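Q: Using only what follows, build the 3D model:
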Amino acid sequence: MEVVKTRDLKIEESNLQTLNVQNKDTSAAPVREPSRRTAEALPALRHETKDVLKQLHANINYLEDLGGRLGFVLSEVRSVIRR
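A: You can find the predicted model right below:
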């Protein structure tokens with residue numbers, strides 16, 4: 001029983017030493033609060049959003065065009081089948 005307690009104590013001491021070393025390493029670096037986006041970053045973000053919206057609009061137009069073409073092809077196929 002004494003051996004088990006000693007082993008457990010050594011493991012706990014080892015864990016504590018590891019935690020202490022980790023705490024010392026992290027305490028050296030200053031903790032920074034999450035910063036808000038700066039004013040300089042916002043125009044770039046807005047520009048990127050506009051590009052994404054333009055691309056979305058272009059994709060929707062492209063899909064509408066493909067849908068129209070598909071509808072035309074289906075109507076032609078139906079007319080050929082009826083003959």
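Q: Could you identify the helix or strand that succeeds the helix-or-strand element of the chain with minimal mean pLDDT?
A: Among the helices and strands of the chain, helix 2-28 carries the lowest confidence by mean pLDDT, DSSP states H and E, at a mean of 59. Per DSSP states H and E, the first helix or strand lying C-terminal to helix 2-28 is helix 41-82.
Q: Could you give the average pLDDT over that next one?
A: For helix 41-82, mean pLDDT is 89.
Q: Distance of Asp65 relative to Leu56?
A: Asp65 is 15 Å from Leu56, where distance means Cβ to Cβ, to the nearest Å. The way it works is simple: take the backbone N, C-alpha and C, and place the C-beta from them, glycine included.
Q: roughly how far apart are Glu76 and Arg83?
A: Counting by Cβ to Cβ, the gap from Glu76 to Arg83 is 11 Å.
Q: Which one's more surrounded, the two?
A: Neighbours per residue (other Cβ atoms under 10 Å) separate Glu76 from Arg83, with Glu76 holding more: 10 against 4.
Q: quick one: the more buried one from Leu70, how far?
A: Distance from Glu76 to Leu70, by Cβ to Cβ: 11 Å.
Q: can you count the residues close to Arg69?
A: 10.
Q: same deal with Leu53?
A: There are 10 residues near Leu53, going by other Cβ under 10 Å.
Q: and what of His47?
A: Residues within reach of His47, counting by other Cβ under 10 Å, total 10.
Q: same check, this time on Ala58
A: Neighbour number of Ala58 under other Cβ under 10 Å is 10.
Q: Enumerate every residue touching it.
A: Contacts for Ala58 (Cβ atoms under 8 Å, 6 or more residues apart in numbering) come out as none.
Q: any idea how far His47 is from it?
A: Applying Cβ to Cβ, the value for Ala58 to His47 is 17 Å.
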